[in-house]
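A.B. asks: Structure, please.
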Amino acid sequence: DGVRIGVLGDGRRELRPITVATFESAYRHAVRFGHRFALVVVDEAHHFGSGARAEALERCFAPARLGLTATLPEDPAAVARLRGLIGPVVCRYATTELCGEHLAPFDRIQLFVDLDGDERRVYDEAWRCYASAYRAFVWDGGTGWPAVVAPAGATPVGRRALHGFAESRRVVSTARAKLALVQSLLRRHADDRLLIFTADNSAAYTLSRRLLIPAITCDIVRAERAAVLERLRQGRLRALISSRVLNEGIDLPEARVGIIVGGAQGRREHVQRVGRLLRPRPGKRAVIYELIARDTFEVGHASRRQRALVA
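C.D. replies: Below is the predicted model:
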């Protein structure tokens, strides 16, 4: 309505009564501009519970604050920190409660596959190495994964365990049966635009080479990333593969089908990924396939992901 919006970031420094800022610019200029606003709205607020992002909010003097996030941190300390920096949770909805009016309705389909003989042998050996060491680290304190990584990396046994975890995740992420299933789903949804999510960059590049589908990762520069996404929006490209880059901040209502080949960050990651597919569009009903390797850690992960959508 004629109101000019200021921009702070991406090479622009235009301060106005209403200003949109990237985190990096807000942090860098907080001393100069942190006292100029009465209200600060923090998008993706789950990133602001620690480190430099928390410092940025400390330098801001806005008396009114609002945080927006689809996924609160699971770490109680980070949640407490956000409560002190922004305030308590005042409104909360499950993903399923928003579908139909604010988000597109969707179908969630779990497809189970078996590992081949050689894949099973590699997986079982790698997982045993990891699981035994992990139990030794956490048996007495209930310590979570982040607190395990640092001490584990300081010992030979711990490093072998971390390698075992990475190897077991690699096996399930690139299982031959999953590749065949993705190819089948691509044929089934030949007229749809798809997003394919993997556990990490390595798996994304592996699938990209085998399926001849572009992969978007943190290695891809912003301009190239934007160009590829625009091709998908226009229909000149029908599918993209990514590990984490597409988890947040991407608006693709044109994409209707998601294929989750693998994940690495649990409940939060899953909610963010599903959110990419649920951007509403007239007549749209999304379909989300989860490919799960039987008798692996993915079975438990899939159960927790389901709970994340209804909690």
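A.B. asks: Please export the C-alpha coordinates of the top helix by length along the chain as CSV.
C.D. replies: When the chain is parsed with DSSP state H, its longest helix is helix 117-138. Provided in CSV are the C-alpha atoms of helix 117-138 (Å, rounded to 0.1, in the frame of the first residue of the first chain):
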residue,chain,number,x,y,z
GLY,A,117,23.5,-59.4,0.5
ASP,A,118,26.8,-57.4,0.3
GLU,A,119,25.0,-54.2,1.5
ARG,A,120,23.6,-56.1,4.5
ARG,A,121,27.0,-57.4,5.5
VAL,A,122,28.6,-54.0,5.3
TYR,A,123,25.7,-52.4,7.2
ASP,A,124,25.6,-55.0,10.0
GLU,A,125,29.4,-54.7,10.6
ALA,A,126,29.4,-50.9,10.5
TRP,A,127,26.3,-50.6,12.8
ARG,A,128,27.7,-53.0,15.4
CYS,A,129,30.9,-51.0,15.6
TYR,A,130,28.9,-47.8,16.1
ALA,A,131,26.2,-49.1,18.4
SER,A,132,28.5,-50.8,21.0
ALA,A,133,30.6,-47.6,21.3
TYR,A,134,27.5,-45.4,21.5
ARG,A,135,26.0,-47.4,24.3
ALA,A,136,29.3,-47.1,26.2
PHE,A,137,29.2,-43.3,25.9
VAL,A,138,25.6,-42.8,26.9
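A.B. asks: What helices and strands are in contact with that helix?
C.D. replies: The elements that helix 117-138 packs onto, with contact taken as 3 or more CB pairs under 8 Å, 6 or more residues apart in numbering; DSSP states H and E, are helix 145-152, helix 156-173. Quick note: C-beta positions are derived from backbone N, CA and C, even for glycine.
A.B. asks: per-stretch mean pLDDT over the ones you listed, give me the minimum one.
C.D. replies: With a mean of 62, helix 145-152 has the lowest mean pLDDT of the helices and strands packed on helix 117-138.
A.B. asks: what number of residues lie near residue 173?
C.D. replies: Residue 173 has 24 neighbours, counted by other CB atoms under 10 Å.
A.B. asks: pLDDT value on residue 205, please?
C.D. replies: We have a pLDDT of 92 for residue 205.
A.B. asks: sorry, that was for residue 129
C.D. replies: The model's pLDDT for residue 129 equals 85.
A.B. asks: Now the helix or strand hosting residue 287: average pLDDT?
C.D. replies: Counting by DSSP states H and E, the element that carries residue 287 is strand 286-293. For strand 286-293, the mean per-residue pLDDT is 94.
A.B. asks: let's have the chain start at 6 instead
C.D. replies: With 6 as the first residue, the last one maps to strand 291-298.
A.B. asks: is it fair to say residue 79 lies in a helix?
C.D. replies: No: going by DSSP: H, G, I helix; E, B strand; the rest coil, the assignment for residue 79 is coil, not a helix.
A.B. asks: Hmm, it is touching residue 273, no?
C.D. replies: Yes: at 7.1 Å, residue 79 counts as touching residue 273 under the criterion of CB atoms under 8 Å.
A.B. asks: neighbour count winner among the two?
C.D. replies: The neighbour count for residue 79 versus residue 273, taken as other CB under 10 Å, is higher for residue 273 (18 against 14).
A.B. asks: Name the nearest residue to that one, ignoring sequence neighbours.
C.D. replies: Spatial nearest neighbour of residue 273, excluding adjacent residues (CB to CB, 6 or more residues apart in numbering): residue 76 at 4.0 Å.
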